[in-house]
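Sequence plus the predicted model coming up.
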Amino acid sequence: MTPTRRALVTTLALTAALTTTPTAQAADTPQHPWYFDTYRIEDVWEHTTGEGITVAVIDSGVDPTLPELQGQVLDGTDLTASPQGAHADTDGHGTDMAALIAGTGEGSGIQGLAPGVKILPIRMTLGGVSLGGTERFGEGIIHAIESGAKVINISQGGTIPEDELSEAIALAARHDVLIFAGTGNEGERTNHLAAPASLPGVVGVGAVNSSGERSPYSTYGPQVSLAAPGDDVPGHCGDISGPACIRDEGGTSSATALASASAALIWAQHPDWTKNQVLRVMLNTAERPDDQRRDDYTGYGIVRPDRVVLDGEGDPGDPDSPPIFRDWEAELRPPATPSPTPEATPGPDAGANPAPDAEPAATSDDASPLPWLLGAGAAVLVAGSVGWLLWRRRA
């Protein structure tokens, strides 16, 4: 283990130990998983539960009849080739993601990180296969935007042409909507980059374990912006008709759901903030060594919504200035005035994205580094990959 990685592990472990009190519920239950102590979640809920925020879950559907999801799930839509309704979920993956975000813990069910959130289910997949065709995935994002979702959770990915998603992702940016997507579970094998996490405008989320280390399966690379707990997270044993349990390996699916829930907690407390401000404070308060801005394994660090909600950390900054993807977003709107001089012609080796040191670093008011992800390799999809996969790992 490298010194910087060891520092991250120690910092997160110490934080968990210091925030656990003798009166806290026993950890490692579906109603109180280990990260609740790290996130001081009971204190956070005194300030925000995610109320007023809708999170769209683009997945296999969401079953609203589970005790922990009753009253939490909106109508949604089914975009599969043979629609059964957004509340049909024979796979269970989408329901588990919704519960990690907004579950109430009722009936010994899963307690979500943001139980005040409303879930908008958008059914697209079954058993890891896109049933509506990948070309309809953009329709799911557009439906989420039109339905008033502030956060879109995509705990899956695959080989999909960039142009099938780029327009929908751009529309989300224009409408002040955050998109979080799992980077994938190929870290121990091919480490394929997969859309939509690999595309500009989407916040790629990796997975860590309870020690704060990257989970070995978590796909790594330039698309990773943040990380969140992916192991020892709640789910349902067997199918969703089974009891809630703690699963050893949840995957980047679970990590994405917890990142989405974290954004909802922050946004509910600061409803006047833009997506740029919510994401900026998430990046600047993420758990990471002080001397490290980002790496390809956990991005800018592990999400820490409690630091924003309870400690008031993180400078939201300019509401109109994106903390990452700023070049990409600048291309979405025409320049105010034409450039006074023609741009230099790039050399033969110049790519679509500048090198990481091609733009100046910025800092927040407290001098903490403000990260800029330039998206190098963002649109790269590995030839030979097949299908659209739910980022599931079940022990």
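The structure has been received and is ready for your questions.

Can you give the distance from the helix or strand residue 205 falls within to the centre of its chain?
Element membership of residue 205, judged by DSSP states H and E, is strand 203-208. The offset between the C-alpha centroid of strand 203-208 and the centroid of the whole chain comes to 6 Å, using Cα atoms, centre = their mean, to the nearest Å.

other SSEs contacting that strand?
For strand 203-208, the packing partners by 3 or more Cβ pairs under 8 Å, 6 or more residues apart in numbering; DSSP states H and E come out as strand 178-182, strand 224-229, helix 252-269. Yep, even glycine has a C-beta here, placed from its N, CA and C like the rest.

Show the average pLDDT along the last one.
It stands for helix 252-269. Regarding helix 252-269, the rounded mean pLDDT is 98.

Next, the angle from it to strand 224-229.
Compare the direction of helix 252-269 with that of strand 224-229 by axes from the mean of the first three to the mean of the last three Cα atoms, to 10 degrees and you get 100 degrees.

So which of the helices and strands packed on strand 203-208 is nearest residue 166?
strand 178-182 (12.0 Å; Cβ to Cβ).

So which of the helices and strands packed on strand 203-208 is nearest residue 286?
Once the helices and strands packed on strand 203-208 are compared by Cβ to Cβ, strand 224-229 is nearest, at 6.1 Å.

Could you write out the alpha-carbon coordinates of that closest one in CSV?
This file holds the C-alpha atoms of strand 224-229, laid out as CSV (Å, rounded to 0.1, in the frame of the first residue of the first chain):
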residue,chain,number,x,y,z
VAL,A,224,-13.5,8.4,-11.9
SER,A,225,-14.5,11.6,-10.2
LEU,A,226,-15.7,10.4,-6.8
ALA,A,227,-15.9,7.2,-4.8
ALA,A,228,-18.4,5.9,-2.2
PRO,A,229,-19.0,2.8,-0.2
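
contact partners of the following helix or strand past that strand?
Beyond strand 224-229 in the direction of the C-terminus, DSSP H and E gives the next helix or strand as strand 231-236. Residues outside strand 231-236 that contact it (Cβ atoms under 8 Å, 6 or more residues apart in numbering) are 28, 30, 33-35, 92, 95-96, 99-100, 103, 110-111, 207-210, 215, 242-250, 254, 258, 394.

From the residues you listed, list the buried ones, please.
Neighbour-count burial (16 or more other Cβ atoms under 10 Å) applied to the contacts of strand 231-236 gives 30, 33-35, 92, 95-96, 99-100, 103, 110-111, 207-210, 215, 244, 246-247, 249-250, 254, 258.

Good, wrapping up.
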